[in-house]
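Enquirer: I'll drop the sequence and a predicted model, then ask my questions.
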2 protein chains.
Amino acid sequence: MTAEDVARRAGVSRSAVSRTFTEGASVSEATRLRVLKAASALGYRVNRLAQRLGRERSSLVGVLASNLSTPYMATHLDALSQALLQQNLQCLLINAVDGDSNVSRLIDLILEFRVRAIVVISVTPPSAIIRECVANGVPIVLVNRLTENAHADTIVTDDAGGARLAAERLIKAGCRRPVIVSSATASQMRRVEAATAAFSKAGVDPILWSRGPSRYETGSQAARELLAAHDVDGAFCVTDLLALGFIDTARVAGRRVPEDISVVGFHDTPQASWLSYRLTTIRQPVDDLIGAIMRALQRKPGPRKPLKTVLPLELVERETVRKR
Amino acid sequence: MTAEDVARRAGVSRSAVSRTFTEGASVSEATRLRVLKAASALGYRVNRLAQRLGRERSSLVGVLASNLSTPYMATHLDALSQALLQQNLQCLLINAVDGDSNVSRLIDLILEFRVRAIVVISVTPPSAIIRECVANGVPIVLVNRLTENAHADTIVTDDAGGARLAAERLIKAGCRRPVIVSSATASQMRRVEAATAAFSKAGVDPILWSRGPSRYETGSQAARELLAAHDVDGAFCVTDLLALGFIDTARVAGRRVPEDISVVGFHDTPQASWLSYRLTTIRQPVDDLIGAIMRALQRKPGPRKPLKTVLPLELVERETVRKR
DNA sequence: CTGTTAGCGCTTTCAG
DNA sequence: CTGAAAGCGCTAACAG
């Protein structure tokens, strides 16, 4: 079913058909109706590929993500894909497997679809490919990736500030022998550094533990190793998932949270508020994040100053830090 | 940058360019190299839209989902999108908001992209639109949606069988006053029915509770209401999320799981194995599910018998059912 | 193996 | 407001 078929059946030209399906084109109500009728009779529907082939901006947005099953990423993707749909944008999802071998190739793949823009979550593309996107007129927005690249739009949450909040809370609770557990990704290391600095400033010297992927089991392993070897009274886990694993195995080992060990997480995923945990954590403002992304996508095409947004984080106080 | 530009620079015809980028086309190594060189110098990349516009099958697969942030859906989507990428298929993701107003419109939207196939998870499209897909030569595969429609490929897990397993386990544990908690979606109701039947067969008459969305909070609410009103000794929650919420608030209310109440979930999401829960549940074989989907996508085009797959489920025994 | 020649389905000037 | 005509970038038959 092509526009031609519809035109023939409606007894008009194919331009007329095109026009009735084009927002704000000039067609008389009469022909519009005839076309519409013919179209629905024939089950015609615009071919977006051919449509895009002409000049118009595509409605496809490439989304490069990874670790989708993680509560944190899942929440993000959910919100993002809903927002995209609402703006009449379609989401071309590429799920990089965790040890993102060649991100460049994946972005390249996305570019082949002549997308309107690319949103990158949870992986870091090399600077060269970013430049290439921009050269191709495809804005690229990096979420929570710090990059030196001056071309990409970047939206980051204030990881350092959040980590500081976490460390300070622990200090205020009287922790003198804290651990910081992370799984060594770039954005996690930023949190580790900032927390370490905050602890130092208060004269306490945290033990650093950093290993493996960002999973519940990793937090679990951290607790097993750390509690056996050290006399720990507080933990900043740079991810809720890590924190939950940590808490559970600490409890299995007979430690009480928060009485014996205070724990602070990061993200405020849904699980953090579950009654078994009531985790004190740092809230990522998902809605603001998505809002910023959408704003970046809405910008007019053409050469523009890249957008640099940083979102503040806040502590959400629940029950895994000792009161005093 | 078009194939034409590359051709000019390499001093060949545009067909030569096309051929070097087509798997298994006949080009001499010499021209292939020259084209490749010119292409990379120019930063050329195939335009998939135009490519598809010709005859060839698209590599786009439409995925219609919803509730992406739910651990269960997140796990699925993660696996599915990885599998697609691995097969060189791209994923056009449409996230229907929960109360899926007009699924038809969304499928229609997907169809506009001339996808190779559509995979539907977690919403149920009307029969009419399914027929339309098939009429358009776009196979549609329905995951865990029972439908009378004879055209769609369907892949379902044996919900009834799984529910029976759950009920039988509870009976074996000696539960005489069980509840079944669900949140009233179609596939959940199938589980409710099968479990009810299994209980009846053993001469026990379960209390049915069915309300709200499939969330942790719903399970929590169920526990609050049911435990206040009835003397419950077992619960089959038709979703892990429901089960987890149920367990947590049961414990807050002073009931011990499994000593006072045995609980069985459904799905075996990652959280089910967390140490705070160790939930006995029914395992959904995600890999098999994905495997079946991919198999459906791989099928040759053209008129074919729809594929009907049903996957068996199994009980995974952990620690929320009383031993005896 | 290679170039030439038609399209694929749609949008968009440009005249009428 | 409407139709005719010229592409958009690519692939595929068809001769050489």
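Expert: Done, it's in.
Enquirer: isn't A:G212 up against A:G219?
Expert: No. With contact defined as C-beta atoms under 8 Å, A:G212 does not count as touching A:G219 (9.5 Å). In this view, the C-beta of every residue, glycine as well, is placed from N, C-alpha and C.
Enquirer: so between those two, which is more surrounded?
Expert: A:G219 (32 against 14; other C-beta atoms under 10 Å in any protein chain shown).
Enquirer: residues touching the more buried one, list them.
Expert: A:G219 makes contact with A:V181, A:C237, A:T239, A:L241, A:L242, A:A243, A:L244, A:G245, A:F246, A:I247, A:T249 under the criterion C-beta atoms under 8 Å, 6 or more residues apart in numbering or on different chains.
Enquirer: in CSV: those, plus neighbour count and secondary structure.
Expert: Formatted as CSV, the contacts of A:G219 follow (neighbours: other C-beta atoms under 10 Å in any protein chain shown; DSSP: H, G, I helix; E, B strand; the rest coil):
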residue, neighbour count, secondary structure
A:V181, 28, strand
A:C237, 31, strand
A:T239, 29, coil
A:L241, 27, helix
A:L242, 32, helix
A:A243, 32, helix
A:L244, 29, helix
A:G245, 25, helix
A:F246, 32, helix
A:I247, 29, helix
A:T249, 20, helix
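Enquirer: for those, which one is nearest B:L68?
Expert: B:L68 lies nearest to A:L241 out of the contacts of A:G219, by C-beta to C-beta, at 17.3 Å.
Enquirer: could you find the closest non-adjacent residue to the closest one?
Expert: A:Y216 (5.3 Å; C-beta to C-beta, 6 or more residues apart in numbering or on different chains).
Enquirer: report all helices and strands that the helix or strand where A:I180 lies contacts.
Expert: Assigned by DSSP states H and E, A:I180 belongs to strand A:178-182. Counting contacts by 3 or more C-beta pairs under 8 Å, 6 or more residues apart in numbering or on different chains; DSSP states H and E, strand A:178-182 packs against helix A:186-201, strand A:207-210, helix A:216-229, strand A:234-237, helix A:240-252.
Enquirer: which residues of the stretch 51-200 of chain A lie near chain B?
Expert: With C-beta under 8 Å from any C-beta of the partner chain as the criterion, the stretch 51-200 of chain A meets chain B at residues A:52-53, A:60, A:63, A:67-71, A:73-75, A:77-79, A:81-82, A:85, A:90-95, A:97, A:108-109, A:111-114, A:132, A:135-136.
Enquirer: which ones among those come in contact with DNA strand D?
Expert: Counting by C-beta under 7 Å from any atom of the strand, A:L53 from those sit close to DNA strand D.
Enquirer: so which of the residues of the stretch 51-200 of chain A next to chain B belong to strands?
Expert: A:L60, A:V63, A:Q90, A:C91, A:L92, A:L93, A:I94, A:N95 (DSSP state E).
Enquirer: would you turn those into a markdown table with distance to B:E314?
Expert: Shown next, in a markdown table, are those (distance: C-beta to C-beta, whole Å):
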| residue | distance to B:E314 |
| --- | --- |
| A:L60 | 40 |
| A:V63 | 34 |
| A:Q90 | 38 |
| A:C91 | 34 |
| A:L92 | 36 |
| A:L93 | 30 |
| A:I94 | 33 |
| A:N95 | 27 |
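Enquirer: between these, which sits nearest B:A292?
Expert: Of all those, A:N95 has the smallest distance to B:A292: 19.1 Å, by C-beta to C-beta.
Enquirer: with adjacent residues omitted, what lies nearest to the closest one?
Expert: A:N95's closest residue in space is B:S81 (C-beta to C-beta, 6+ apart), at 3.8 Å.
Enquirer: pLDDT score for the one you found?
Expert: We have a pLDDT of 97 for B:S81.
Enquirer: still on that earlier bit, which one of the helices and strands packed on strand A:178-182 lies nearest to B:D287?
Expert: Nearest of the helices and strands packed on strand A:178-182 to B:D287, taken as C-beta to C-beta: helix A:216-229 at 19.0 Å.
Enquirer: chain center to that closest one, what's the gap?
Expert: Distance of helix A:216-229 from the chain centroid (C-alpha atoms, centre = their mean, to the nearest Å) equals 27 Å.
Enquirer: which of the residues in that helix are buried?
Expert: For helix A:216-229, burial by neighbour count (16 or more other C-beta atoms under 10 Å in any protein chain shown) applies to A:Y216, A:E217, A:T218, A:G219, A:S220, A:Q221, A:A222, A:A223, A:R224, A:L226, A:L227.
Enquirer: can you put those in CSV and add pLDDT?
Expert: CSV is the format used below for the buried residues of helix A:216-229 (pLDDT from 0 to 100):
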residue, pLDDT
A:Y216, 98
A:E217, 98
A:T218, 98
A:G219, 98
A:S220, 98
A:Q221, 98
A:A222, 98
A:A223, 98
A:R224, 98
A:L226, 98
A:L227, 98
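Enquirer: DNA strand C next: which of the residues you listed are close?
Expert: Of the buried residues of helix A:216-229, not one also sits near DNA strand C (C-beta under 7 Å from any atom of the strand).
Enquirer: for chain A, what lies in contact range of DNA strand C?
Expert: With C-beta under 7 Å from any atom of the strand as the criterion, chain A meets DNA strand C at residues A:2-4, A:14-15, A:17-19, A:21-22, A:25, A:44, A:46-47, A:50-51, A:53-56.
Enquirer: so where does A:R324 fall, helix or strand?
Expert: Using DSSP H and E, no helix or strand contains A:R324.
Enquirer: neighbour-wise, which one of the ones in strands among the residues of the stretch 51-200 of chain A next to chain B leads?
Expert: A:N95 (28 neighbours).
Enquirer: on that earlier part again, out of the ones in strands among the residues of the stretch 51-200 of chain A next to chain B, which comes closest to DNA strand D?
Expert: Lowest distance from DNA strand D to these (C-beta to the nearest atom of the strand) belongs to A:L60, with 15.1 Å.
Enquirer: okay, the closest one: pLDDT?
Expert: The model's pLDDT for A:L60 equals 95.
Enquirer: who is it paired with across the strands?
Expert: Beta bridges link A:L60 to A:Q90 when assigned by DSSP bridges.
Enquirer: and the residue lying closest to A:T157 once chain neighbours are set aside, what does it touch?
Expert: With C-beta to C-beta, 6+ apart as the criterion, A:T157 has its nearest non-adjacent residue at 4.7 Å, and that residue is A:L311. Applying C-beta under 8 Å, 6+ apart to A:L311 gives the contacts A:I155, A:V156, A:T157, A:D158, A:P285, A:D288, A:L289, A:A292.
Enquirer: give me phi/psi at the most centrally placed residue in chain A?
Expert: Residue closest to the mean C-alpha point of chain A, counted by C-alpha atoms, centre = their mean, is A:I121 at 4.4 Å. Phi and psi for A:I121, reported as degrees, to the nearest 10, are phi -120, psi 130.
Enquirer: who's it bridged to?
Expert: With DSSP bridges as the rule, A:I121 is bridged to A:V143.
Enquirer: after the host helix or strand of A:I290 comes which helix or strand?
Expert: Assigning secondary structure by DSSP H and E places A:I290 in helix A:286-298. As assigned by DSSP H and E, the chain's next helix or strand after helix A:286-298 is strand A:308-311.
Enquirer: name the residues of whichever helix or strand A:L106 is part of that come out as buried.
Expert: Per DSSP H and E, A:L106 falls inside helix A:103-112. The neighbour-count check on helix A:103-112 (16+ other C-beta under 10 Å) flags A:V103, A:L106, A:I107, A:L109, A:I110, A:L111, A:E112 as buried.
Enquirer: CA atoms only: put that helix into PDB for me.
Expert: Presented in PDB, the C-alpha positions along helix A:103-112 are these (Å, rounded to 0.1, in the frame of the first residue of the first chain):
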ATOM      1  CA  VAL A 103      31.100   1.300  22.000                       C
ATOM      2  CA  SER A 104      32.100   3.100  18.900                       C
ATOM      3  CA  ARG A 105      30.800   0.300  16.700                       C
ATOM      4  CA  LEU A 106      27.500   0.500  18.500                       C
ATOM      5  CA  ILE A 107      27.200   4.200  18.100                       C
ATOM      6  CA  ASP A 108      28.100   3.800  14.500                       C
ATOM      7  CA  LEU A 109      25.300   1.300  14.100                       C
ATOM      8  CA  ILE A 110      22.900   3.800  15.600                       C
ATOM      9  CA  LEU A 111      24.200   6.500  13.300                       C
ATOM     10  CA  GLU A 112      23.300   4.300  10.300                       C
END
